[in-house]
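[1] Quick check, what structure comes out for this input:
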Amino acid sequence: MALTLASCEPAPAAGVGVLFNPRSHRNAKVRDAIAALPGVHIATPSSRADLRPTLEDFLAKGVECIAISGGDGTVRDVLTAGLSLFGDNWPALAVIPAGKTNALNVDLGAPKDWDVAGVIGALRRGNRVTRRPLIVRDLEGGGELAGFVFGAGVFTTAIAAGQDAHRLGAFDSLAVGATAVWGIVQGLLGSDRNRWRRGVPMTIRTGPGRDELPRTRWGEPDRRMLMLAATLERFPMGAKPFGELEGMKMAVLDHPRRRVMAAIPAIAGGWDGDWLRKNGVHRCATDRIEIDLGGRFILDGEAFPEGRYAIVPGPELSFVVP
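    Numbering: from 1, shown residues only. Just a heads-up that it's a prediction; the model follows:
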């Protein structure tokens, strides 16, 4: 990610705060060049505990935009740390893709070589899109998280396999594709004892009435193979796991019937119909999801403990885009 000072536009008067994840593999050798830009404030928090003081410092300095240099997990941690600080009044945000997974950036559409100079130029031009994160509230222990992609069941298994792909050097859409292919093979050829097929105990309720999501007769009645929720509009590799739904969306698979697993490429491409619902594929858009979960869940790439959670749309956030 090259950065030349001669091509940089001046920063807005209010300035830009840049948050680096020091562990992100694309952040090396750019800090000094960025620090030389006028009106730019840099912070490299070493832990999640340091994020809140860093955001408070940016707030005190009146920054107009917070640029997050990292992957999906870094964005999740920043949003979680800032929920009680900013409420519904966040400064503009920008994501500089510098992590192993950058699903949010796929949605936002920034090129992989986007940098702080590009953010400053786009900020001056007023290039913005609005997105709302998911807020995941712990109904037993308290506390909440903010992120964009929530998954449980085989999704947790897939993320673990994706980490193996990262260690082999596959990142972003390549890792997603490799993991998806492996999951389909396991779903087609494995037995119901296979971790890719068995799912986890979960009860799902939606909407203000907390209506329990219907379940088909296949598989164990208290288990589902997959639950996925997101507010993104575009997904890696052009996938459409929620069909044409908008807002906060959810997709659930009761049990991996082989005929359903064979149709996964079409389902991921957005195919919908009564046949899917009759065979245990559920999709909906809703303003509230409650889930009693007997296994870990994934939020933007990281695993969190089982328990009872509510998922609701978060505040509207304005993202600077190219």
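
[2] Using the three-state scheme, assign the closest residue to residue 263 other than its chain neighbours.
    Once flanking residues are discounted, residue 263 sits nearest to residue 271: 7.3 Å by Cβ to Cβ, 6 or more residues apart in numbering. (Each C-beta comes from the backbone N, C-alpha and C, glycine too.) With DSSP: H, G, I helix; E, B strand; the rest coil as the basis, residue 271 sits in coil.

[3] can you offset everything so residue one is 64?
    Understood, numbering begins at 64; the last thing we discussed is residue 334.

[4] Quick check: residue 334 touching residue 344?
    No. Look at residue 334 against residue 344 with Cβ atoms under 8 Å: they stay out of range, at 9.8 Å.

[5] where does the stretch 264-385 of the chain dip in pLDDT?
    Counting by pLDDT under 70, the stretch 264-385 of the chain shows no low-confidence range.

[6] re earlier: pick out whichever of residue 334 and residue 344 has more residues nearby.
    Higher neighbour count among residue 334 and residue 344: residue 344, with 22 against 14, using other Cβ atoms under 10 Å.

[7] Show me what counts as buried in stretch 345-356.
    For stretch 345-356, burial by neighbour count (16 or more other Cβ atoms under 10 Å) applies to 345, 346, 347, 349, 352, 353, 354, 355, 356.

[8] And the strands in the stretch 114-263 of the chain, which stretches?
    Counting by DSSP state E, counting those that start in this stretch, the stretch 114-263 of the chain has strands at residues 128-133, 155-160, 191-194, 197-201, 207-210, 212-216, 263-269.

[9] any chance of those in JSON lines, plus mean neighbour count and distance to residue 313?
    Formatted as JSON lines, the strands of the stretch 114-263 of the chain follow (neighbours: other Cβ atoms under 10 Å; distance: least, Cβ to Cβ, whole Å):
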{"stretch": "strand 128-133", "mean neighbour count": "26", "distance to residue 313": "26"}
{"stretch": "strand 155-160", "mean neighbour count": "25", "distance to residue 313": "24"}
{"stretch": "strand 191-194", "mean neighbour count": "13", "distance to residue 313": "17"}
{"stretch": "strand 197-201", "mean neighbour count": "19", "distance to residue 313": "10"}
{"stretch": "strand 207-210", "mean neighbour count": "22", "distance to residue 313": "15"}
{"stretch": "strand 212-216", "mean neighbour count": "25", "distance to residue 313": "9"}
{"stretch": "strand 263-269", "mean neighbour count": "19", "distance to residue 313": "7"}
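
[10] Could you export those as JSON lines, including distance to residue 362?
    Output for the strands of the stretch 114-263 of the chain, formatted as JSON lines (distance: least, Cβ to Cβ, whole Å):
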{"stretch": "strand 128-133", "distance to residue 362": "15"}
{"stretch": "strand 155-160", "distance to residue 362": "16"}
{"stretch": "strand 191-194", "distance to residue 362": "15"}
{"stretch": "strand 197-201", "distance to residue 362": "6"}
{"stretch": "strand 207-210", "distance to residue 362": "4"}
{"stretch": "strand 212-216", "distance to residue 362": "5"}
{"stretch": "strand 263-269", "distance to residue 362": "15"}
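
[11] closest to residue 283 out of these?
    Closest to residue 283 of the strands of the stretch 114-263 of the chain is strand 263-269 (Cβ to Cβ; 8.4 Å).

[12] Just after the closest one, pick out the following helix or strand.
    Going down the chain from strand 263-269, the next helix or strand is strand 274-275, by DSSP states H and E.

[13] helices or strands up against whichever helix or strand comes after that next one?
    Toward the C-terminus, strand 274-275 is succeeded by strand 286-287 as the next helix or strand (DSSP H and E). Under the contact criterion of 3 or more Cβ pairs under 8 Å, 6 or more residues apart in numbering; DSSP states H and E, strand 286-287 touches strand 263-269.

[14] what lines up beside the strand it packs on in the sheet?
    Using DSSP bridges, strand 263-269 pairs in its sheet with strand 274-275 (antiparallel), strand 286-287 (antiparallel), strand 352-356 (antiparallel).
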